[in-house]
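*Asks:* below is the sequence, then the predicted model.
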Number of protein chains: 2
Amino acid sequence: MTTLKQVADRAGVSSATVSKVLSNTPYVSADTRARVLKAVEELGYVPNLAARALARGRTYNIGVIFPLIYTSIFTDPQTLSILEGVETVINERGYNILITTPKMPVQQSDQYRRLVQSRYCDGLILLENLPDELMSSFVASHNYPFVAIGYQSLEDKSNTIRIDDYHGAYQAAKHLADLGHRNIGIIAVGPVSMFSISERLRGYRDALASAGIDFDRLPVACGSFSIESGAQALRQLLKADPRPTAVLCVTDLMSLGAINAAKSAGLNVPRDLSIVGFDDIPLAIHIDPPLTTVRQPSRQLGETAANLLLDILEKKQTTFDPVVLPTQLILRGSTAPVRSA
Amino acid sequence: MTTLKQVADRAGVSSATVSKVLSNTPYVSADTRARVLKAVEELGYVPNLAARALARGRTYNIGVIFPLIYTSIFTDPQTLSILEGVETVINERGYNILITTPKMPVQQSDQYRRLVQSRYCDGLILLENLPDELMSSFVASHNYPFVAIGYQSLEDKSNTIRIDDYHGAYQAAKHLADLGHRNIGIIAVGPVSMFSISERLRGYRDALASAGIDFDRLPVACGSFSIESGAQALRQLLKADPRPTAVLCVTDLMSLGAINAAKSAGLNVPRDLSIVGFDDIPLAIHIDPPLTTVRQPSRQLGETAANLLLDILEKKQTTFDPVVLPTQLILRGSTAPVRSA
DNA sequence: AAACAATAGTTAAGCGCTTTACGGTTAGTA
DNA sequence: TACTAACCGTAAAGCGCTTAACTATTGTTT
């Protein structure tokens, strides 16, 4: 392994000078600079990042902590889009990305604690969606720079970025109400409580209330994010009396299961049953019927989070006010007006 | 931030002793050990990993390099499963995982070179699937420990692990031939050439040859991994004369598109057209009709790769012979006997 | 021509940890 | 009892890099 010293010897300068050249510090003559760069080239020198990290007090690592809830984050399209956005920005801006997916309870995860306490990263991006598993306060108490994606309950709620779950859900529910549906089944997630899901449910509730529908009298079934669990939930909802004419589903993946189950039960979607999802996963447009759903800018969420964190680290700003990205109702073929009985 | 020195002072010993305690070196009295651990506890001490890395010459980072081909790796279910397997093992065994998805051409990617040359990781896991973008030789030339997932062209082909694309494809094609299909369309991927895809095509070719079918006279269309591209490819195949009665598709995602397109064209799958995929993505069982496909143990691929790499790093072994994991044909509803005209 | 500023490069002190070499004890053995 | 061997703990060097502090040179200003 070539070291700074070897480059310095070859270029006939001190190692401090080489360091200066490599970090673009001013006050190095063009001639020296050239000699140094030549030596670097010839020796194929690349700085030892561990040494640099120690000396500079910065690792150029960004930690990404995405707790796994029901399933691996690697099977959840939304989380992946976020991750994709994060990865792009972090790498473009010259940092490394270090991923951890601790199991619950997060606080007891070795990985998690190791990462936070060893300060092996310059900053952290947290997926903060579980009221019982909040990381921000712990991380903040270590004076660790971070950005939380989701909801968090620090006093000031700063450094948080999320999508507008509430209004997205509101629109979805309003859409069904506008189509004349009154008897609407809900597919939620349980028993683990998640901020985003609660907000979506709150959106449904308020929208339906505006249409004179009492959310609390509606049939509710809980899934666990998977397609299959959505199918099961729908089967359960179909037992309700009177049978729902529409279903609000808090995630797209479960909507797929619901549509399958509805078809298997001999129902035509949307004629007999309208279904609306949430997320707008890439697949949503390819299923039959194409899914009416709420689009959320997941990739942008990741990009923004990463950019904000790096801006903070690079002192371009200190903290930032909560950012809320808008959602959008996408009308496709899985919803239709209620048929008069 | 608490340092070793502070712990040492509090425990009334030298920092060397603290270091010994923390690394379980023998010859420390139970009493001293207890005092040290107490001080560690009280101060909430956690070692600075950058300093440790510098002193030990090991970072406990494992780099994962998955080049992005047509799309982000974050949208490819197979890659994700591999990643999931890798992540699980790496974290369980106390390492950190550092992910990079360089754009092509890989060799010119800054991220890629930075990671390889700075030796910031103890070892690398490479997704090696592109003949024109081979990384192993470059990495090996840096004396960097690595494991390649896929196909690579180092002389000895050691330290490679992959699935049995050839036999999986062979079985898929044989299945169609056994059902009486003679006129079979192929949905491949192009124009970028990939080892795994070539092997699958070779499997098709040999199986069909055994059944007396000349692969070269079969209609072929190329997609680009996405669902939509699969749909387009199928539309193209349907123009062939005579129209194929079955389609072999090199990936499941494109099979989904193909099924959709077939339906849109008024064809019944499998009655009018049999379709068989490759991968067995989670969704395969949930579509209509459920997809006949070839299952590959992607997660296990990732786990094995990670375990082998760590074994090498921990000197449990040096190199290993190529590992080939078996594939399995999964019969579902998208294939049926050919109808006599 | 004196005073100062800007430029170019060096020295040396760390960053926080690991580890070798070594001194001092204590126990075991002949 | 003397000698070895196993223990326990410390001092100090060093991993490879950065960066203040410093010297020396050249250029600029009045």
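*Replies:* All right, it came through fine.

*Asks:* which of the residues in stretch A:309-328 are buried?
*Replies:* Residues of stretch A:309-328 classed as buried by neighbour count (16 or more other C-beta atoms under 10 Å in any protein chain shown): A:309, A:310, A:312, A:313, A:320, A:323, A:327. Bear in mind the C-beta positions are built from the backbone N, C-alpha and C, glycine included.

*Asks:* export that stretch as CSV, just CAs?
*Replies:* C-alpha atoms of stretch A:309-328 as CSV (Å, rounded to 0.1, in the frame of the first residue of the first chain):
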residue,chain,number,x,y,z
LEU,A,309,-28.2,16.1,5.9
LEU,A,310,-25.1,16.8,3.8
ASP,A,311,-25.9,20.5,3.7
ILE,A,312,-26.0,20.5,7.5
LEU,A,313,-22.7,18.6,7.7
GLU,A,314,-21.1,20.9,5.2
LYS,A,315,-22.4,23.9,7.3
LYS,A,316,-24.5,25.2,4.5
GLN,A,317,-27.2,25.3,7.0
THR,A,318,-27.8,24.2,10.6
THR,A,319,-31.2,22.8,11.1
PHE,A,320,-34.3,23.0,9.0
ASP,A,321,-38.0,23.2,9.5
PRO,A,322,-40.0,20.1,8.9
VAL,A,323,-40.5,19.4,5.2
VAL,A,324,-43.7,17.9,4.0
LEU,A,325,-43.9,16.6,0.4
PRO,A,326,-47.2,16.6,-1.3
THR,A,327,-49.1,13.5,-2.4
GLN,A,328,-51.4,13.2,-5.4
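
*Asks:* tell me the mean pLDDT over it?
*Replies:* Mean pLDDT, computed over stretch A:309-328, is 90.

*Asks:* near DNA strand D at all, that stretch?
*Replies:* No - Stretch A:309-328 does not reach DNA strand D (C-beta under 7 Å from any atom of the strand); its nearest approach is 13.4 Å.

*Asks:* and the helix or strand of chain A with the lowest mean pLDDT, is it in reach of DNA strand C?
*Replies:* Lowest by mean pLDDT, DSSP states H and E among the helices and strands of chain A is helix A:110-117, with a mean of 81. No - Helix A:110-117 stays clear of DNA strand C (C-beta under 7 Å from any atom of the strand), getting no nearer than 10.7 Å.

*Asks:* buried residues, that helix. List them.
*Replies:* Under the neighbour-count criterion of 16+ other C-beta under 10 Å, helix A:110-117 has A:111, A:112, A:114, A:115, A:116, A:117 buried.

*Asks:* residue B:299: which of the buried residues of stretch A:309-328 is nearest?
*Replies:* Nearest to residue B:299 among these: residue A:309, at 30.3 Å, using C-beta to C-beta.

*Asks:* any chance you could map the helices in chain A?
*Replies:* Using DSSP state H, the helices of chain A run over residues A:4-11, A:15-22, A:30-43, A:49-56, A:77-92, A:110-117, A:136-141, A:165-178, A:195-210, A:227-238, A:252-264, A:298-313.

*Asks:* could these go into JSON lines alongside distance to residue B:287?
*Replies:* Listed next are those as JSON lines, based on distance: least, C-beta to C-beta, whole Å:
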{"stretch": "helix A:4-11", "distance to residue B:287": "58"}
{"stretch": "helix A:15-22", "distance to residue B:287": "54"}
{"stretch": "helix A:30-43", "distance to residue B:287": "54"}
{"stretch": "helix A:49-56", "distance to residue B:287": "46"}
{"stretch": "helix A:77-92", "distance to residue B:287": "16"}
{"stretch": "helix A:110-117", "distance to residue B:287": "36"}
{"stretch": "helix A:136-141", "distance to residue B:287": "40"}
{"stretch": "helix A:165-178", "distance to residue B:287": "24"}
{"stretch": "helix A:195-210", "distance to residue B:287": "26"}
{"stretch": "helix A:227-238", "distance to residue B:287": "10"}
{"stretch": "helix A:252-264", "distance to residue B:287": "8"}
{"stretch": "helix A:298-313", "distance to residue B:287": "23"}
